[in-house]
Every structure is written in C-alpha cells, then in structure tokens.
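S.K.: Build the 3D model from these lines:
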Amino acid sequence: MTSDVVTGELRLDGHGLVLREWDDGDLTAMVGLFDDPEVAYWTPLISPFDLEAARVYLKRARERRAAGQRVQLAITVDGLEPMGEVLLMRSGTGLEVAEIGYSVGVAYRGRGLASRAVRVMTGFALGTVGIGRLLLEIEAGNAASAAVARAAGYHLTDAPPIPAEEKGRTLSLQTWEYAP
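M.R.: Predicted coordinates for the structure are as follows:
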C-alpha cells in the first residue's frame, strides 16, 4: 500500500455496503463474528476468539495498516454494525501483487456480503491503491469461499496448489485471480 492510503480514516462505499475501519467499540462485535467454529477452521484466526483476542487483533490491524502492509475493514451496510471483515494484504514488495481475504459472521451469511465486499475492495485496490494483480488463496474444499470468488469476478488459476500448515492442519491453497 502507499502511504497516502495508509493515513487518515478509510471508508469505502459500494454495492450496498459501507466498509469502514474497526474501532474500539467493535471489540464485542468482533468476538461475535470471529468466535465461530467455521471461522476457526477456515481462517488463521485464533480460537476461542475472546475480548483479549479482539484487542490484540485490532492492535495488530492498526500496526499493519500504519506499516503499509494491510487494510482491514469491517463490512457493514450502514457504517454501523459490523457483519464481517474484508482485508487487502500485500503479497510482496511494491504494488505488483496483493491478496484479499474475507470473513462474514454466521448470522449474516447468505446475503452476498462477502462477494460484494470483495468487489468493493477489488475496485479500491486496482483503482485507488494501484495494485497490479489481485489474488485470493482459498483452501481446496471451501465451497462457500470459492462461490464468493466466482461471484466477485475471480477465476481459479492453473497455478499448483500452495501447501501450508495452519493450527496443526495441512492445507492446500488454490490461487484465484481477478479477471475483469
């Protein structure tokens, strides 16, 4: 990310959503969104995700944004109640490649929030930040996340799966790329 994107409050509107920065008043909502067995299984977030985990998560999100590494935004429809998160992460040096990640709370799934949030973040990354290539890394078998990727305009690439290990589980991450 560039320094001008990192400074100041960030709020993105589009596709019926308002993506905004997390604030200290969101800690309890973060617990409600992220302390979920599916979130624990499919994401690197710690489990259980309690208030202390939320405080640490918010602190790290702010540090990463200040360092120009990541932008993590709450998914809302009105700028108020968080329903999930979408994030933009640099994958290497410069602005050549970045990844988008997302999670939606169990009470808000099935509304198209994730795919709409990914579309908004994709537009921001390409248009405002100037990212050259956008990727999603989705674990093989995560049908819900693959559906989000397709709905947001991403396609599965021919790249070999990326082996990884998270929380003692061996993962096989498939690469999806934005194709306008």
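
S.K.: can we go C-alpha only for contacts and neighbour counts from here?
M.R.: OK.

S.K.: buried sites along the longest strand along the chain?
M.R.: When the chain is parsed with DSSP state E, its longest strand is strand 169-178. For strand 169-178, burial by neighbour count (16 or more other CA atoms under 10 Å) applies to 171, 172, 173, 174, 175, 176, 177, 178.

S.K.: Next: stretch 48-55.
M.R.: 49, 50, 51, 53, 54, 55.

S.K.: Excluding covalently adjacent residues, which one is nearest to the fifth one?
M.R.: Read that as residue 54. With sequence-adjacent residues excluded and distances taken as CA to CA, 6 or more residues apart in numbering, residue 54 is closest to residue 27, at 5.6 Å.

S.K.: ok so, going back, with the buried residues of strand 169-178 in mind, which one is nearest to residue 17?
M.R.: Residue 17 lies nearest to residue 178 out of those, by CA to CA, at 20.1 Å.

S.K.: tally of neighbours for residue 146?
M.R.: Per other CA atoms under 10 Å, the neighbour tally for residue 146 reads 21.

S.K.: isn't it right up against residue 136?
M.R.: No: judged on CA atoms under 8 Å, residue 146 makes no contact with residue 136 at a distance of 9.4 Å.

S.K.: returning to that earlier point: so what's the predicted local confidence for the residue nearest to residue 54?
M.R.: With respect to pLDDT, residue 27 scores 98.

S.K.: do residue 179 as well
M.R.: 83.

S.K.: Same check on residue 115?
M.R.: Note on residue 115: pLDDT of 98.

S.K.: What helix or strand is it located in?
M.R.: According to DSSP states H and E, residue 115 maps onto helix 113-123.

S.K.: So which other helices or strands are in contact with that helix?
M.R.: The helices and strands touching helix 113-123, judged by 3 or more CA pairs under 8 Å, 6 or more residues apart in numbering; DSSP states H and E, are strand 11-14, strand 17-21, strand 84-90, strand 97-104, helix 143-151.

S.K.: how about a markdown table for these, with distance to residue 65 and mean pLDDT added?
M.R.: Converted to a markdown table, the helices and strands packed on helix 113-123 look like this (distance: least, CA to CA, whole Å; pLDDT from 0 to 100):
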| stretch | distance to residue 65 | mean pLDDT |
| --- | --- | --- |
| strand 11-14 | 14 | 97 |
| strand 17-21 | 10 | 98 |
| strand 84-90 | 10 | 95 |
| strand 97-104 | 14 | 96 |
| helix 143-151 | 24 | 96 |
